[in-house]
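Peer 1: next come a sequence and a model predicted from it.
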Amino acid sequence: MRTILSGLTLLTLSCSTALAAGLSGPSADVSISLIQYQGNTITRSDERPVRPQRYVCVVPPRQSDNRNSPYVCRAQSGRVGGACRCENVVGTGRLDLTN
């Protein structure tokens, strides 16, 4: 690791002195322009449209049901934690956001 670091330091110093002395010629312009190039800064996440929030109604199963998982159905937007109902399910649930 120490040899790699010292080699890189030596290479950097030699390149900087060569550029300062003007020994590189026209290739110095190319390397400087590559260092200064900012490139395209747009990321992939910027290109995707924002996904709207989706609400679901979560109704816990009754004790008489043979099921452990709650009933979940789509719901209209509203206050998270508020009461809601699912079609064809007995009972009321709570409004929640999907992941």
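Peer 2: Nice, I can see it.

Peer 1: alpha carbons only for contacts and neighbour counts from here, please
Peer 2: OK.

Peer 1: next up, phi/psi of Trp93, please.
Peer 2: Slight slip there: residue 93 is Gly, not Trp. phi -130, psi -170 (degrees, to the nearest 10).

Peer 1: how near is the closest residue to it other than its chain neighbours to Gly91?
Peer 2: Of all residues not flanking Gly93 in the chain, Val59 sits nearest, at 4.0 Å (Cα to Cα, 6 or more residues apart in numbering). Remark: distance between Val59 and Gly91 (Cα to Cα, to the nearest Å) = 7 Å.

Peer 1: between those two, which has more neighbouring residues?
Peer 2: More crowded of Val59 and Gly91, by other Cα atoms under 10 Å: Val59, with 22 against 13.

Peer 1: quick check, pLDDT for the more buried one.
Peer 2: Here the pLDDT value assigned to Val59 is 95.

Peer 1: measure stretch 62-82 end to end?
Peer 2: Using Cα to Cα, the two ends of stretch 62-82 sit 19 Å apart.
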